[in-house]
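*Asks:* Return a 3D structure for these sequence lines:
(one chain, ligands or ions: 1)
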Amino acid sequence: FIGQKLAKNKARCNHHVKLNTDKVVDTVDIEDVGEKKAYCRCWKSKKWPLCDGSHTAHNKESGDNVGPLVVKGKPA
Ligand code: FES
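*Replies:* The predicted structure is shown next:
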C-alpha cells in the first residue's frame, strides 16, 4: 500500500512520519516549549516532532552526524 511503498524508497529521508500527507509541517507554540525541547531533524524519531534519541543509532549505522534542534524557552 502507498505508505509502505513510500517508506521503502531509499531516495527519501522520511520513512515513517505522516506518510499519507504530501508535506510534513509541524507548528509549535512557543508557550509549549517550556524550558527546553529537542526537535528531530533526522526523521527517525518515533515521537515526532520531538527527538527520541534515534539519531544516535542512525549516526552509528550510517556515519552521519545529524542531531536535534534544541529550542530554549523561558524557565517555568
Ligand atoms: Fe531525530 Fe534525535 S531522533 S534528531
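*Asks:* all contacts plus neighbour counts: C-alpha atoms, from now on.
*Replies:* Will do.
*Asks:* So for the helix or strand containing Glu61, mean pLDDT?
*Replies:* Following DSSP states H and E, the helix or strand that holds Glu61 is helix 54-62. Averaged across helix 54-62, pLDDT comes to 97.
*Asks:* For it, list the C-alpha coordinates in CSV.
*Replies:* C-alpha atoms of helix 54-62 as CSV (Å, rounded to 0.1, in the frame of the first residue of the first chain):
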residue,chain,number,x,y,z
SER,A,54,17.1,7.6,17.4
HIS,A,55,19.7,9.8,15.7
THR,A,56,22.4,8.1,17.8
ALA,A,57,21.7,4.7,16.2
HIS,A,58,21.3,6.3,12.8
ASN,A,59,24.7,8.1,13.0
LYS,A,60,26.4,4.9,14.2
GLU,A,61,25.0,2.8,11.4
SER,A,62,25.4,5.4,8.6
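*Asks:* That helix and the ligand, any residue contact?
*Replies:* Yes. Helix 54-62 lies within reach of the ligand by C-alpha under 6 Å from any ligand atom, at 54-55.
*Asks:* Identify the residues contacting that helix?
*Replies:* When contacts are defined by C-alpha atoms under 8 Å, 6 or more residues apart in numbering, helix 54-62 is touched by residues 42, 44-46, 64-67.
*Asks:* Now the buried members of these.
*Replies:* Among those, the ones that count as buried by 16 or more other C-alpha atoms under 10 Å are 42, 44-45, 67.
*Asks:* Tell me which residues touch the residue lying closest to Asp26 once chain neighbours are set aside, please.
*Replies:* Computed as C-alpha to C-alpha, 6 or more residues apart in numbering, the closest residue to Asp26 that is not its neighbour in sequence is Pro49, at 7.2 Å. Pro49 makes contacts with 26, 39-40, as judged by C-alpha under 8 Å, 6+ apart.
*Asks:* what's the helix or strand for Val71?
*Replies:* Going by DSSP H and E, Val71 is in strand 69-72.
*Asks:* Run me through the strand neighbours of that strand, direction for each.
*Replies:* Strand pairing for strand 69-72, determined by DSSP bridges: strand 36-39 (antiparallel).
*Asks:* Need the mean per-residue confidence for the partner strand.
*Replies:* In this model, strand 36-39 has an average pLDDT of 97.
*Asks:* No further queries at this time; thank you.
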